Structures are given as C-alpha cells and as structure tokens.
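Colleague: no sequence on this one, just coordinates:
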C-alpha cells in the first residue's frame with residue numbers, strides 16, 4: 001500500500017520516504033516457507049486413509065495458523081508501514097486494517113537519538129527516537145541508512161522556521177523616557 005500524497009500540503013516536499021529495513025522480513029518469509037514445506041511433507045508422507053486425512057487436516061490447520069500469524073501478517077504490516085520526512089514534518093503511518101497516522105512538526109522537535117546494536121551496525125540500520133515539545137515522540141525501529149537519516153533530520157530541523165509565540169513579540173516603546181507603552185485595549189461599548 002503506497003503512502004497517500006493527498007495528506008501533504010501543496011508547498012510540502014518529501015525529503016525521505018522510508019519503511020523498516022528489509023532484514024525485518026527475513027524471519028516472517030522463512031516462517032511462510034517452512035509452513036509450506038511442512039504442509040507438503042505431511043501431504044506426501046501421511047498415508048492415504050482416514051487417519052492420514054485427519055492428520056493432514058490437523059497439520060494443515062496448524063501450519064495455516066502459524067503461517068498467517070507469524071508470516072503473512074508481519075509481512076503485511078511491514079508493507080503498510082511508512083515513515084515520511086518532509087521539509088515541514090515527520091509523518092508516520094502504519095496499520096493493515098486500522099490505519100494509524102501521526103505527524104510531528106519539525107519546528108517542535110527538540111531531540112533525536114539513534115541506537116544501534118552490533119547487528120544493526122552491520123546492516124546500517126538503527127532505532128531512531130524523536131522527541132518533541134510536550135509529550136509527543138516517535139520511535140522508528142529498523143530505519144535503513146540510520147546515520148544518514150539522522151543527519152538529514154538534523155539539517156531539516158535547523159532549516160525549519162521557528163514557531164512564533166505571542167510572548168516573543170517586542171514590546172512597544174513610548175516616546176517618554178524609553179518606558180513600555182501602555183497596552184491597547186479595545187474600546188468598551190456603553191450599554
């Protein structure tokens with residue numbers, strides 16, 4: 001399932017479109033192959049009588065369950081996981097039947113950390129944890145080319161426009177002795 005382009009604004013440009021590294025599909029693909037091999041072995045080796053058909057049915061049911069639960073479902077989840085980094089925000093989307101999408105504006109990111117195990121370093125992957133102002137954070141596990149992604153993210157955060165707060169506006173100065181001017185309030189209506 002492709003990432004829908006309609007969630008992006010007109011001025012927004014995609015910098016990186018990632019999904020978890022391909023090493024995460026090796027285990028589930030192996031499970032699918034092994035369950036198929038087990039089912040074929042049971043079909044070939046079990047006798048062609050009533051007991052053999054019952055045994056084949058049980059083996060097939062067990063293999064079908066394990067193949068779907070530990071093989072097909074993780075492969076489908078991998079295929080439906082997207083991490084999109086644009087020049088304005090970080091979008092994460094995952095889910096097969098129920099989709100979960102999350103946005104983190106780049107101008108609110110205050111920390112990003114990369115963790116790599118020995119195996120991750122061999123494959124060039126890692127876990128990127130992105131913290132933003134408030135309680136929001138994103139954990140991207142199995143990011144391919146993790147160090148390059150972290151560097152690109154840092155560059156984008158530095159280029160992101162700062163958020164303007166009302167408190168940051170300079171105070172108006174009156175002409176009398178450099179003191180702040182009195183705040184302007186709207187005129188009150190008479191009743």
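Modeller: Cool, the structure landed. Predicted model, so just to flag it, every value in this text is computed and none were measured. Numbers count the residues shown, from 1 in each chain.

Colleague: Report the contact partners of residue 76.
Modeller: With contact set as C-beta atoms under 8 Å, 6 or more residues apart in numbering, residue 76 has these partners: residue 96. For glycine as for every other residue, the C-beta is placed from the backbone atoms N, C-alpha and C.

Colleague: Can you get me the centre-to-centre distance for the host helix or strand of it and its chain?
Modeller: For residue 76, the element it lies in under DSSP states H and E is helix 73-79. The gap between where helix 73-79 is centred and where its chain is centred comes out at 14 Å by C-alpha atoms, centre = their mean, to the nearest Å.

Colleague: One more: stretch 32-49?
Modeller: On C-alpha atoms, centre = their mean, the centre of stretch 32-49 falls 38 Å from that of its chain.

Colleague: ditto for stretch 31-42
Modeller: Stretch 31-42 has its C-alpha centroid displaced from the chain centroid by 32 Å (C-alpha atoms, centre = their mean).

Colleague: Stretch 99-111 too?
Modeller: Distance of stretch 99-111 from its chain centroid, counting by C-alpha atoms, centre = their mean, is 10 Å.

Colleague: Pull out the buried positions in that stretch.
Modeller: Using 16 or more other C-beta atoms under 10 Å as the test for burial, stretch 99-111 gives 104, 106, 107, 109.

Colleague: Turn those into JSON lines, including secondary structure.
Modeller: Rendered in JSON lines, the data for the buried residues of stretch 99-111 read as follows (DSSP: H, G, I helix; E, B strand; the rest coil):
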{"residue": "104", "secondary structure": "strand"}
{"residue": "106", "secondary structure": "helix"}
{"residue": "107", "secondary structure": "helix"}
{"residue": "109", "secondary structure": "strand"}
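
Colleague: As CSV, those residues with distance to residue 23 and pLDDT would be great.
Modeller: Formatted as CSV, the buried residues of stretch 99-111 follow (distance: C-beta to C-beta, whole Å; pLDDT from 0 to 100):
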residue, distance to residue 23, pLDDT
104, 25, 85
106, 28, 84
107, 33, 83
109, 27, 85
